[in-house]
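> Sharing a model that was predicted from the sequence below.
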Amino acid sequence: MKKLSIFALSLALLGCGENQNGSQQNATSTQSTATTSTSFSLRSSSQPQTCQYNFDATQQDYDTWNSLNPNYLMGVFPTINGQKFSLTVAPPYFTDHYPEENITLNYFDFLAASKKRLQTSGGNDGFLPPFLDSSGDLPLPNTGILALEMQIDIPAAPLNGGYYGEPSSSYLTDINFSGETDNGYIVKSLYSFAAGSADPDFGENPPFVLFNLGYQNSDNTEYSSTAYYYNKLTEYQSKYHRVGIYINQNTKQVGFIVNGVDQGYQGILPAPLKNIGFDIRSWVGSDKDGKFSDKLAGLEFSSELITDRNALQFSYPQGATDICGNTI
């Protein structure tokens, strides 16, 4: 069942590094709530264009996936503003019926990706189209310090309870990127928020934010974690959570910033990252009767990738540029 697949994913996210090297960190309880720039206009003709990733996959692309996977329907985000992707928890929903269990599941499953990285057929992990993770489709500068940011909405009252409790709605969103280093290693990063998730073996997962960046050989062996952050959000008061990432292509070091607090360099990649590709996904699921918690129903949520130097909010090491090489 789709719902259980989501729960299994949440558990996997939760367990992929919570105890890694004893590196669990706590977020600060306050953060800047300055409005994020979502206007991406072109600069004057004497300057480079706005640095943006090409999320050009369309509903037609997803319909190819949907025709082969009718139990795991995928759609484009209903509202797109530059690289900010939003949804409102309101009809019409995707719906799955399970008569033998007397379950009706209403849900959204929205995805933003590029045509080049999206695969609409072939192997998959059960509920999400596979990606060409070994190859990003945006070339990166080979030297310098590259910076980008990501921001996600947090429900005003974090969802407690899930599939086995009340209320039983679920919300999951993640912003991912991957790419290949000069010497053939695959770098993958996950930035995720989940609430209202549960696992049949381990019970309720608290609302959490997870950021993880690591690399592995092209044959999917020898995985190494380079940067890791996990935080339970049982008392989180702000609507937004924001992460900044900076990659030093000269020293191969990776650092990150959480809600304006610089965590410093955390680890080292085996070589400079030569390309990068992104995808953004949001999933919202109802209870077994097709109803949504009042913590979700009617509300709007967004996930945003920030790649242009003019929209970056945090402070980065001297000489840093956006991922297109424009000096911040």
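Done, it's in.
> mind checking how far residue 64 is from residue 58?
For residue 64, the distance to residue 58 equals 10 Å [C-beta to C-beta, to the nearest Å]. Just so you know, the C-beta spots here come from the backbone N, C-alpha and C atoms, and that holds for glycine as well.
> When those two are compared, which one has more neighbours?
The neighbour count for residue 64 versus residue 58, taken as other C-beta atoms under 10 Å, is higher for residue 64 (15 against 11).
> Could you list the buried residues of the strand or helix carrying the more buried one?
In this assignment (DSSP states H and E), residue 64 forms part of helix 59-68. When burial is assessed from 16 or more other C-beta atoms under 10 Å, helix 59-68 yields the following buried residues: 61, 62, 65, 66.
> and that helix, how far from the chain's centre?
Once both centres are worked out by C-alpha atoms, centre = their mean, to the nearest Å, helix 59-68 turns out to sit 21 Å from its chain's centre.
> mind listing what the very next helix or strand once past that helix pairs with, with the direction of each?
Tracing the chain past helix 59-68, the next element assigned as helix or strand by DSSP H and E is strand 79-81. Take DSSP bridges as the rule and strand 79-81 pairs in its sheet with strand 84-88 (antiparallel).
> any residues touching the strand it pairs with, and which ones?
By C-beta atoms under 8 Å, 6 or more residues apart in numbering, the residues outside strand 84-88 that reach it are 36, 38, 55, 77-80, 108, 110, 112, 280, 282, 284, 298-304.
> List only buried entries from those.
Applying 16+ other C-beta under 10 Å to these flags 55, 77, 108, 110, 112, 280, 282, 284, 299, 301-304 as buried.
> Which single one of those is nearest to residue 265?
Nearest to residue 265 among the buried ones among the contacts of strand 84-88: residue 304, at 24.8 Å, using C-beta to C-beta.
> now that closest one, nearest residue through space, not along the chain?
Nearest non-adjacent residue to residue 304, counting by C-beta to C-beta, 6 or more residues apart in numbering: residue 84, 4.1 Å away.
> Counting neighbours, what do you get for that neighbour?
Residue 84 has 21 nearby residues by other C-beta under 10 Å.
> Residue 194 versus that one, what's the distance?
Residue 84 is 20 Å from residue 194, by C-beta to C-beta.
> Closest one to residue 319 out of the buried residues of helix 59-68, please.
residue 61 (38.4 Å).
> so who does residue 156 touch?
239, 295, 299.
> Kindly state the pLDDT recorded for the residue nearest to residue 304?
Note for residue 84: predicted pLDDT of 97.
> re earlier: now render the buried residues of helix 59-68 as TSV, adding distance to residue 209 and pLDDT.
What follows is the buried residues of helix 59-68, written out as TSV (distance: C-beta to C-beta, whole Å; pLDDT from 0 to 100):
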residue	distance to residue 209	pLDDT
61	29	88
62	27	89
65	28	80
66	30	84
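> from these, which two are the most distant?
61 and 66 (9.9 Å).
> one step back: and the two most separated of the buried ones among the contacts of strand 84-88?
Pairwise over those, using C-beta to C-beta, the maximum falls at 55 and 299, 23.2 Å.
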